[in-house]
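**Q** using only what follows, build the 3D model:
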Amino acid sequence: MKALVALILLVQLPIHKAVPAAPPAPLGCDDPQSEAAAEVAVSYINDHSHHGYKFALNRIENIRTVPQGPNNDIIFLELDLLETKCHILNPTPLANCTIRSLKEHAVEGDCDVKLQKLAGKFSVLASKCHSHADSSEDVHQLCPDCPLLASLNNTEVLATVTAALSDHNSRTAGAYLRLLEIGRATIQYEPAHIVSVEFAVGATDCSAAAAQDNVAACQLLPDDQSNYGFCTATRVIQPSQDLRVDCQLYGHQPGVTYFQPGQGTSAGLVPSVVQGFTNHNLRLSHNNPVASESSSSEFPSSVLSAKSVAKRAVAEVAQHDKVPRPVGFVPPPPPCPGKIRYFDI
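**A** Numbers count the residues shown, from 1 in each chain. As a prediction, this is how the structure comes out:
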């Protein structure tokens, strides 16, 4: 009898069904995990850059995570970067590199980066970047007297680089330096005619004195002895001639190499990839097709552009503001885009 009563009571007990776990909330652009992924992405972009300057993160525009299995996610990032004053050959850590100001024609990089997070570790699978300098109109609105960027193959720019290298090589007792690439150039016409240039150099296997006899025979040092550097020069053309040059060699950096373009630079010519351009475009350096075997390297069309993300965020905040809220209620910030670290172009 007792057994029968126990069985009846057991049957009458409520049956609790297993409730599936809710999917994880989407990452916000300022989430620590998003920032960690962005840090890996920016490091990858700078490490694989062949020309120009290092870039620093300015803003995470969007992030999308696609689960692939246990401890395995594919992450799509949209990043806004800003150009620093450190050339890619400069060993200075990115954190210590100065961001170009708006008055200096700030250069913005827009990047789509695909990463894999496997067992807690991020790795970059693919990246697509391009960059552009702030417009001349914006620069002059902020600073009417600031010089504007000049084309890297402008005749006055080339003449200034040639004169600066010749001046340095004539005054040094060290290795003869050869031009690798011109990084930046500005020309000012009023109140004085001034050309300012920045360019990367490499030490050759000739001394400066020996190069005077046969400069064409001077070759860049091999990779296991390479010594790269950077020069800045200012040439005043009017009202009176003046030239100031400062060159710094970084010393041999194991594993650091310079990507040689198709045309040589021994005659003072800039690489063909920058003919007519005012800045080195990231697009020329970062179309990386590498991807894991389990996933395509293509970026899905569902990854939103920065403008559409911003419009969506504004619309969502506006919609929230129409809902009655308690006194003192502050709506949470939209998950994307993230905070601006420096300034917006």
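
**Q** can you tell me the element the residue nearest the centre of the chain falls in?
**A** Against the mean C-alpha coordinate of the chain, by CA atoms, centre = their mean, the closest residue is Phe55 at 3.1 Å. Using DSSP states H and E, Phe55 sits in strand 53-69.

**Q** now do the strands in the chain.
**A** Ranges of strands in the chain, per DSSP state E, are 53-69, 72-87, 107-118, 121-133, 148-149, 175-188, 193-207, 228-238, 242-249.

**Q** list the contacts for the closest residue to Asp110 other than its chain neighbours?
**A** Using CB to CB, 6 or more residues apart in numbering and skipping the chain neighbours, the partner closest in space to Asp110 is His130 (5.9 Å). The C-beta positions use only the backbone N, C-alpha and C, and glycine is treated the same way. His130 is in contact with Gly109, Asp110, Asn281, Leu282, Arg283, counting by CB atoms under 8 Å, 6 or more residues apart in numbering.

**Q** by neighbours, which of those residues wins?
**A** Neighbour count (other CB atoms under 10 Å) singles out Leu282 as the most crowded of the contacts of His130, with 27 neighbours.

**Q** now do it against Asn46, distance only.
**A** From Leu282 across to Asn46, the span is 10 Å (CB to CB, to the nearest Å).

**Q** find residues that contact each of the two.
**A** With CB under 8 Å, 6+ apart as the test, Leu282 and Asn46 both reach Phe55.

**Q** quick revisit: could you find the closest non-adjacent residue to the residue nearest to the centre of the chain?
**A** The shortest distance from Phe55 to any non-neighbouring residue, by CB to CB, 6+ apart, is to Leu81 (3.9 Å).

**Q** ditto for Leu79
**A** Cys111 (4.5 Å).

**Q** which residues does the one you found bridge with?
**A** Leu79, Cys129 (DSSP bridges).

**Q** on that earlier part again, isn't the residue nearest to the centre of the chain up against Glu83?
**A** Yes: with contact defined as CB atoms under 8 Å, Phe55 and Glu83 form a contacting pair (5.8 Å).

**Q** what residue ranges in the stretch 151-300 of the chain are flagged as low confidence?
**A** Residues of the stretch 151-300 of the chain meeting the criterion pLDDT under 70: 261-275, 284-300.

**Q** what does the stretch 1-150 of the chain give?
**A** Scanning the stretch 1-150 of the chain for pLDDT under 70 picks out 1-24.

**Q** how far away is the residue nearest to Phe55 from Arg171?
**A** According to CB to CB, Leu81 and Arg171 sit 37 Å apart.

**Q** equivalent analysis for Ser151, please.
**A** Applying CB to CB to Ser151 and Arg171 gives a distance of 29 Å.

**Q** who's more crowded, these two?
**A** The neighbour comparison of Ser151 against Arg171 (other CB under 10 Å) goes to Ser151, with 18 against 10.

**Q** extract the C-alpha set from stretch 104-124 and format it as CSV.
**A** C-alpha atoms of stretch 104-124 as CSV (Å, rounded to 0.1, in the frame of the first residue of the first chain):
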residue,chain,number,x,y,z
GLU,A,104,49.3,67.8,-40.3
HIS,A,105,46.8,66.2,-42.7
ALA,A,106,45.8,63.3,-40.5
VAL,A,107,45.5,60.0,-42.4
GLU,A,108,42.7,57.6,-41.5
GLY,A,109,42.7,53.9,-42.2
ASP,A,110,39.5,51.9,-42.7
CYS,A,111,40.0,48.2,-42.1
ASP,A,112,37.9,45.0,-42.2
VAL,A,113,39.6,42.3,-40.3
LYS,A,114,38.6,38.6,-39.9
LEU,A,115,40.0,36.8,-36.9
GLN,A,116,39.6,33.4,-35.3
LYS,A,117,39.3,32.9,-31.6
LEU,A,118,40.4,29.4,-30.9
ALA,A,119,40.8,28.2,-27.3
GLY,A,120,41.0,31.8,-26.1
LYS,A,121,43.7,32.8,-28.6
PHE,A,122,43.1,35.3,-31.4
SER,A,123,44.7,35.0,-34.9
VAL,A,124,44.1,37.0,-38.0
